[in-house]
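Visitor: sequence and predicted structure below; questions after.
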Amino acid sequence: MELPEVFLGLGQESFEQLVRGISIGRLKTYQLYDRVKTRMHLAKLNSEGLRKGAPRFWERLGEHDEEFATDLAQAILVSHLDMITAALELLGIPNEDGFFAKDLDASKYLTDGWQQRVIDALKMRFPEPLLVFYVNHLGWELLKSTEFFQPATVTATP
């Protein structure tokens, strides 16, 4: 599975919710603001530009623009480090504020059913589309997953 497929598996409505959750402040903190603005082809990167640009971003993912998907994923993930930290701690994956070693052997942490466990444990604290995106991104990144994970039950978020 390629990274754009992780986004496309969510559906356009959930994808647009993720884009609306991007934190401009976090992008600036992690020095991603200019890179993301350029990659998104936006004259000004703000919440309105993200909202209006979401349909174009969706089209680019449909064209399997891997570099765009990578930068977009990074923007979404740094905006939600609290969720990442909670998920990694739940799974027992060693991390420093949501960041883990690139050479991590995740097989001992990501055992059968890990995706559903994360979603079930955290769905009252975080939006389900964000959790579904993260478990699929984590599977793609650490396990080289080839299939999109869809949770057993989809429930309304708080």
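Guide: Structure's in. What do you need? Numbers count the residues shown, from 1 in each chain.
Visitor: report the contact partners of the residue of the chain most remote from its centre.
Guide: For the chain, the C-alpha farthest from the mean C-alpha position belongs to residue 43; by Cα atoms, centre = their mean, that distance is 23.9 Å. Taking Cβ atoms under 8 Å, 6 or more residues apart in numbering as the criterion, residue 43 is in contact with residue 49. The C-beta positions use only the backbone N, C-alpha and C, and glycine is treated the same way.
Visitor: looking at this protein, which helix is longest?
Guide: Counting by DSSP state H, the longest helix found in the chain is helix 47-62.
Visitor: separation between the residue lying closest to residue 7 once chain neighbours are set aside and residue 74?
Guide: Spatial nearest neighbour of residue 7, chain neighbours left out: residue 61 (4.8 Å); criterion: Cβ to Cβ, 6 or more residues apart in numbering. Distance, residue 61 to residue 74, by Cβ to Cβ, to the nearest Å: 14 Å.
Visitor: neighbour-wise, which of those two wins?
Guide: residue 61 (23 against 16; other Cβ atoms under 10 Å).
Visitor: that one: what's it in contact with?
Guide: 4, 7-8, 15, 68-69, 72.
Visitor: care to break the chain down by domain?
Guide: According to automatic domain parsing, the chain comprises the domains 3-78, 81-143.
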